[in-house]
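Participant: just to be clear, the model below is a prediction. Sequence and coordinates:
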Amino acid sequence: MVDFKEYDLFPGVVLPLTKGQVHAFHKNLEIEGIVISFEERFISQNISEKDLFHFLHLYHTPHIVIGEENLKAIDAMIQLLRGVHEDKNTHLKSDLIRAIFISLLLQITRFSTKQHQILESQRFKDFIRFKSLVSQHYTQNHKAGYYAKKMGISYKYLNDVCKEVTSKTARVFIDEWLLLEIKRNVIENRYSSKEISFKMGFNEPSNFIRFFKRHTGTTPRKFQQTLQ
């Protein structure tokens with residue numbers, strides 16, 4: 001389960017997870033897998049714009065199937081990555097690890113059974129900028145026009161870019177982002193509905209309840225109970 005959506009696990013599945021995502025394995029696993037964990041600065045430092053572009057494309061995809069027949073090639077790269085990581089020779093070690101890791105991500109993208117169209121660079125960059133702004137300001141403003149103005153672009157252009165990348169309008173993207181953050185807060189069981197409503201930028205708790213019920217068909221409390 002990743003951000004409250006279920007995905008099937010089987011040989012050849014890759015789940016790119018980003019910081020803050022809620023994820024859990026809630027059934028008995030009958031397969032083994034490998035987890036590669038890294039800090040944000042590992043990617044953000046000393047990376048070319050082209051490699052960053054590929055990285056963002058991959059980590060914008062929640063579920064990737066590379067095919068069981070490609071696992072040997074992927075495993076060879078993982079073993080190479082593991083070997084360098086465990087090597088006591090520190091000379092150029094971080095650079096080599098980063099290069100192997102980026103190569104691994106490119107192989108995963110190349111083997112993907114569902115080839116993802118790489119959008120024209122500037123439009124995808126604009127979407128990433130929009131997504132970054134939403135992550136920073138979703139508690140302050142829920143309107144797409146606010147983000148278009150902040151980016152210095154038209155509302156129509158923002159909508160077109162968002163639909164091209166996510167098949168959703170900018171408004172729907174913002175609503176889904178807000179709903180996901182609300183769900184994360186609800187399952188933490190640290191705040192009351194009233195506290196969450198103000199934390200998420202709603203003027204009245206009643207507006208918050210209506211928003212949640214409109215998108216989920218249930219109340220925050222009942223949603224929390226179903227997960228427990």
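Facilitator: In hand now; what should we look at?
Participant: which outside residues touch the lowest-mean-pLDDT helix or strand in the chain?
Facilitator: Least confident helix or strand of the chain, by mean pLDDT, DSSP states H and E, is helix 49-58 with a mean of 79. For helix 49-58, the external contacting residues (Cβ atoms under 8 Å, 6 or more residues apart in numbering) are 16, 43, 47, 64, 102, 105-106, 108-109, 116, 118, 121, 124-125, 128. (Glycine included, C-beta is placed from N, CA and C.)
Participant: ranges for the helices of this protein?
Facilitator: 40-44, 49-58, 71-86, 93-111, 121-137, 144-151, 155-166, 170-188, 193-199, 205-216, 220-227 (DSSP state H).
Participant: out of those helices, which is closest to Phe4?
Facilitator: Nearest to Phe4, of all those, is helix 170-188, at 5.8 Å by Cβ to Cβ.
Participant: which secondary structure elements does the closest one sit against?
Facilitator: With contacts taken as 3 or more Cβ pairs under 8 Å, 6 or more residues apart in numbering; DSSP states H and E, helix 170-188 sits against helix 121-137, helix 144-151, helix 155-166, helix 193-199, helix 205-216, helix 220-227.
Participant: helices or strands up against the fourth one?
Facilitator: Pointing back at helix 193-199 there. Secondary-structure packing of helix 193-199 (3+ Cβ pairs under 8 Å, 6+ apart): helix 170-188, helix 205-216, helix 220-227.
Participant: for Gln21, grab the count of nearby residues.
Facilitator: Here the count is done by other Cβ atoms under 10 Å, and Gln21 has 13 residues near it.
Participant: the closest residue to it other than its chain neighbours: what's it in contact with?
Facilitator: Distance criterion Cβ to Cβ, 6 or more residues apart in numbering; nearest residue to Gln21, sequence neighbours excluded, is Asp3 at 5.5 Å. Listed by Cβ under 8 Å, 6+ apart, the contact partners of Asp3 are Gln21, Val22, His23, Pro62, Leu180, Lys183.
Participant: Ile182 versus Asp3, what's the distance?
Facilitator: 12 Å (Cβ to Cβ, to the nearest Å).
Participant: check Ile174 too.
Facilitator: Separation of Ile174 from Ile182 (Cβ to Cβ): 12 Å.
Participant: coming back round to it: out of the helices of the chain, which gets the lowest mean score?
Facilitator: Across the helices of the chain, helix 49-58 has the smallest mean pLDDT, namely a mean of 79.
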